[in-house]
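Student: quick check, what structure comes out for this input:
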Amino acid sequence: MPTYHFYRLVNNVDDVCYIGQTRRDLRKRLYDHRHGKMDTSSKIMFDKYGRDSISIVLIHSLELQTIREAHREERRIIEEYAGRCVNLQMPFREADETKTLAKIYRDEHKTEIATRQKAYYRKNKERLKLPKEVASARNKAYREANQEREKMRKREWYYKNKANTKDEHTVVENHESQRPLQ
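Tutor: Purely as a prediction, here's the structure:
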């Protein structure tokens, strides 16, 4: 299993830090932070304190099977250093957390979202409102192009749900000579 090193970039002025993880040597990683393209959150520290006042400190090393596990651990450490950490993004989010955060965002920004949507609609009103003939022609072309696929989809649905629907859709006439309609 690969060994992941979890580290902090610290400065000699205050307790602000950057959290990261790597499988490489920490000196090489620090060199990359100092001399790299600097599009990471660590750039905030280097801009504020200077390249030479930042050092790297090993938090701990773990043998983990996947990078996903390493991201989880990095995130846990970032949360532990909350308020002192300059990391702008969390390295990993669970699907349910993403949904929860999206719902919170929508609830908090409901009026702004509605305003943007209304502005978009006003700006694109003519393009969004298709004449009935155009919409009708488009729908007809779709139905014709996908006729066989729709038949197969309906047939599959019928056979899949046959047991559940048979009793509900059987019609029996009063005439004894007629069979039930299905």
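
Student: for the nearest residue to M1 once chain neighbours are set aside, phi and psi?
Tutor: Counting by Cβ to Cβ, 6 or more residues apart in numbering, the nearest residue to M1 once its immediate chain neighbours are dropped is E63, at 4.3 Å. The C-beta positions use only the backbone N, C-alpha and C, and glycine is treated the same way. According to degrees, to the nearest 10, the main-chain angles of E63 amount to phi -90, psi 120.

Student: let's see the pLDDT reported for E63.
Tutor: With respect to pLDDT, E63 has a value of 95.

Student: same question for P131.
Tutor: The pLDDT attached to P131 in the predicted structure is 75.

Student: what strand or helix carries the residue nearest the centre of the chain?
Tutor: Residue closest to the average C-alpha location in the chain (Cα atoms, centre = their mean): T98, at 6.4 Å. Of the helices and strands defined by DSSP states H and E, T98 is found in helix 95-108.

Student: mean confidence for that helix?
Tutor: For helix 95-108, mean pLDDT rounds to 84.

Student: now the next helix or strand after it and helix 95-108, what's the angle there?
Tutor: Read in the C-terminal direction, the helix or strand following helix 95-108 is helix 110-123, with elements assigned using DSSP H and E. For the pair helix 110-123 and helix 95-108, the angle between their directions (axes from the mean of the first three to the mean of the last three Cα atoms, to 10 degrees) equals 80 degrees.

Student: what residue spans form the domains of the protein?
Tutor: For the chain, the structural domains run 3-92, 96-125, 130-163, going by automatic domain parsing.

Student: so which of those domains is the most surrounded?
Tutor: Per-residue neighbour counts averaged over each of the domains of the chain give the maximum for domain 3-92, namely a mean of 15 (mean count of other Cβ atoms under 10 Å).

Student: next, the distance between the ends of that domain.
Tutor: Taking Cα to Cα, to the nearest Å, the span from the opening residue of domain 3-92 to its closing residue is 19 Å.

Student: show me how far it is from its chain's centre.
Tutor: Averaged C-alpha coordinates place domain 3-92 at 23 Å from its chain's average position (Cα atoms, centre = their mean, to the nearest Å).

Student: which SS class is A82?
Tutor: When the structure is split into helix, strand and coil by DSSP: H, G, I helix; E, B strand; the rest coil, A82 lands in coil.

Student: please report how far it lies from R76.
Tutor: Separation of A82 from R76 (Cβ to Cβ, to the nearest Å) stands at 11 Å.

Student: R68 now?
Tutor: Distance check for R68 against R76: by Cβ to Cβ, it reads 13 Å.

Student: ok, F6 next?
Tutor: For F6, the distance to R76 - Cβ to Cβ - is 9 Å.

Student: where do the helices sit along the chain?
Tutor: The residue ranges that make up the helices of the chain, judged by DSSP state H, are 26-35, 42-49, 67-80, 95-108, 110-123, 125-128, 132-145, 147-160, 162-169.
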